[in-house]
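In: Below: sequence and its predicted model.
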Number of protein chains: 2
Amino acid sequence: MNVILGSRGYVGQAFLRELERSNEVYVAPTRHDVDIACVDSLSRFLRDYSASFVINCAGFTGKPNVDACEHAKAECLFANAVLPGRIREACVRAGIPFGHVSSGCIFEGSRPDGSGFVESDIPNFCFRSNHCSFYSGTKALGEEVLADCSSCFIWRPRMPFNEIDSPRNYLSKLMTYERLLNATNSLSQLDEFAKICLECWRRRCEYGIYNVVNTGCVTTTQIVSMLQTHIAIGKRFEYFESEEEFLRLAAIAPRSNCVLDNAKLRATGIPVRSIEEALLDAIQRWTSN
Amino acid sequence: MNVILGSRGYVGQAFLRELERSNEVYVAPTRHDVDIACVDSLSRFLRDYSASFVINCAGFTGKPNVDACEHAKAECLFANAVLPGRIREACVRAGIPFGHVSSGCIFEGSRPDGSGFVESDIPNFCFRSNHCSFYSGTKALGEEVLADCSSCFIWRPRMPFNEIDSPRNYLSKLMTYERLLNATNSLSQLDEFAKICLECWRRRCEYGIYNVVNTGCVTTTQIVSMLQTHIAIGKRFEYFESEEEFLRLAAIAPRSNCVLDNAKLRATGIPVRSIEEALLDAIQRWTSN
């Protein structure tokens, strides 16, 4: 029995769809069923349901964006750094493994040679690098809390998107923002992300950190060009001149723009599309609400 | 009505003694009375007791020392960084101010000119400086969580001591450790610390951060010399050759050794003894269990 925590969120919903699609048994408890912040309560729940695997999608991302975390620091710290530790403890007590949805946003830029960061690289967009959003800081601490756990997957998505318009969809964000910052990024097609994460468990891959992003990277202008080619958008896209201008005019906290290497994931044999293919597919099938 | 949280701890007990000594009304709830981690529960409790001021002494320090925090990261983060935010929220809802016991251990060394760190200096022994114990990192995050709070005292003690032998008393620790690291530190006489903190509130001092340490600083060898002069200790004190040797042989996490300036506190007019006077007094009245 799979247990999915935080199933009401954007990423959690994708896991639910994938579990439905593959006809796997799962339970997606709400706060009325179990207090997942309470180790006693959660470990009892896991035993009651004979849970074999837990997927933690619970987290605090801030609405409408990560800037909101700068004004909800305790809540953000709790959901992103403390809660993973509580879930770990409950899973250890229940004797089962789990997977935790982390984030690639604990990195910025790329390696000195321009290649993507690998799983053994030390996060450079976190409290310890003293340059981060509070959100990224807490996500990196969440990984620290799980660092010595021997039966857990840490899955890192980057700015998820798919073909369905949503305030959390990176493509929707790009189409909504008044001005954009041109940057190079790795991205994760949302449904592919959920499927890959579950494949890590189904195939009994080695536990540890995985950059679960589509292969390659893409610039904001490349995505905009694809959007303009395939979707009739009645707007002109304008850009900030620099990250400094973006921060001065449109943001409170700095943003992570980064390239992640997914070679460790590909080495498992789990299929993953290139970012170009995944983007083109989503944009061609784009569905507005 | 004063409400004291975390009253069973070493620092909390000192606040209790001071409240008793001064015949002030207070309530010191236990976990059976109120779940202080729950904002609803705590704010209801504060209203039920017509609380006028909250003193937060709750925290996770690790036993026997801060190294234990390296293996209890989620718990440490929760108690030292998330809980202060919850207490803040409950106090804001109840419309009352509060004081939070932080720690001076979020600094290391002294200012470049050898003087002590002042309250406006940025912590240099925390996650953001990427050189700290996990404990210090969480205490600094706790201060960040409270940074924009307009009705709260942040009191920083340093390695509390008094005349009563205790595993948490810095003098007891010095007498117990097999080998010592010679370093220069500010210290806080425990009972004076609690009295001064409460005086900040009684005198309605300006809210904000206060380094609540005795005036001046002292080296480990100076304290040892005072101990040897006044207490018959049947042991030879031995020292590590360097901080590196100390870390290699006796510790997991680095330790904060630092000098804090208490001029802001003294400017309030609240009396505070010199570290020499406070130490001599404690050592001359030393009481073993």
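Out: Arrived safely, thanks for sending.
In: Surely residue A:99 and residue A:87 touch.
Out: No - counting by CB atoms under 8 Å, residue A:99 stays clear of residue A:87, with 10.2 Å between them. Glycine gets a C-beta too; all of them are placed from N, C-alpha and C.
In: These two: which is more packed in?
Out: residue A:87 (29 against 23; other CB atoms under 10 Å in any protein chain shown).
In: Count the residues that sit near the nearest residue in space to residue A:212 that is not next to it in sequence.
Out: Setting aside the residues directly before and after it, residue A:212 is nearest to residue A:155 in space (CB to CB, 6 or more residues apart in numbering or on different chains), at 4.8 Å. For residue A:155, the neighbour count with other CB under 10 Å is 26.
In: Wasn't residue A:155 part of a strand?
Out: Yes - inclusion of residue A:155 in a strand is indicated when DSSP: H, G, I helix; E, B strand; the rest coil is applied.
In: ok so, going back, if I look at residue A:99 and residue A:87, which residues touch both of them?
Out: Here residue A:99 and residue A:87 share the contacting residues A:54, A:56, scored by CB atoms under 8 Å, 6 or more residues apart in numbering or on different chains.
In: Wait, a strand at residue A:99?
Out: Yes - the assignment for residue A:99 is a strand, going by three-state DSSP.
In: Report the contact partners of it.
Out: A:53, A:54, A:55, A:56, A:152, A:153, A:154, A:155, A:197, A:200, A:201.
In: In CSV, list those along with pLDDT and distance to residue B:105.
Out: Shown next, in CSV, are those (pLDDT from 0 to 100; distance: CB to CB, whole Å):
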residue, pLDDT, distance to residue B:105
A:53, 98, 40
A:54, 98, 35
A:55, 98, 37
A:56, 98, 32
A:152, 98, 31
A:153, 98, 35
A:154, 98, 30
A:155, 98, 35
A:197, 98, 39
A:200, 98, 40
A:201, 98, 41
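In: of those residues, closest to residue A:136?
Out: Nearest to residue A:136 out of the contacts of residue A:99 is residue A:154 (CB to CB; 14.9 Å).
In: Verify the stated contact: the closest one with residue A:210.
Out: Yes - shown here, residue A:154 and residue A:210 form a contact pair, counting by CB under 8 Å, at 7.1 Å.
In: Report the set of residues contacting both of the two.
Out: Contacts common to residue A:154 and residue A:210, judged by CB under 8 Å, 6+ apart, are absent.
In: What is the burial count for whatever residue of the stretch 101-250 of chain A ends up closest to chain B?
Out: Nearest to chain B, among the residues of the stretch 101-250 of chain A, is residue A:127, at 3.7 Å (CB to the nearest CB). A count of neighbours around residue A:127, defined by other CB under 10 Å, yields 25.
In: Residue A:181 too?
Out: Counted with other CB under 10 Å, residue A:181 comes out at 18.
In: which element is the nearest residue to residue A:61 once chain neighbours are set aside on?
Out: Leaving out its chain neighbours, the residue that sits closest to residue A:61 by CB to CB, 6+ apart is residue A:135, at 6.7 Å. Following DSSP states H and E, one finds residue A:135 within helix A:134-146.
In: Surely residue A:201 forms part of a helix?
Out: Yes - judged by three-state DSSP, residue A:201 forms part of a helix.
In: Let me know whether it touches residue A:153 as I believe.
Out: Yes - using CB under 8 Å, residue A:201 is in contact with residue A:153, at 7.0 Å.
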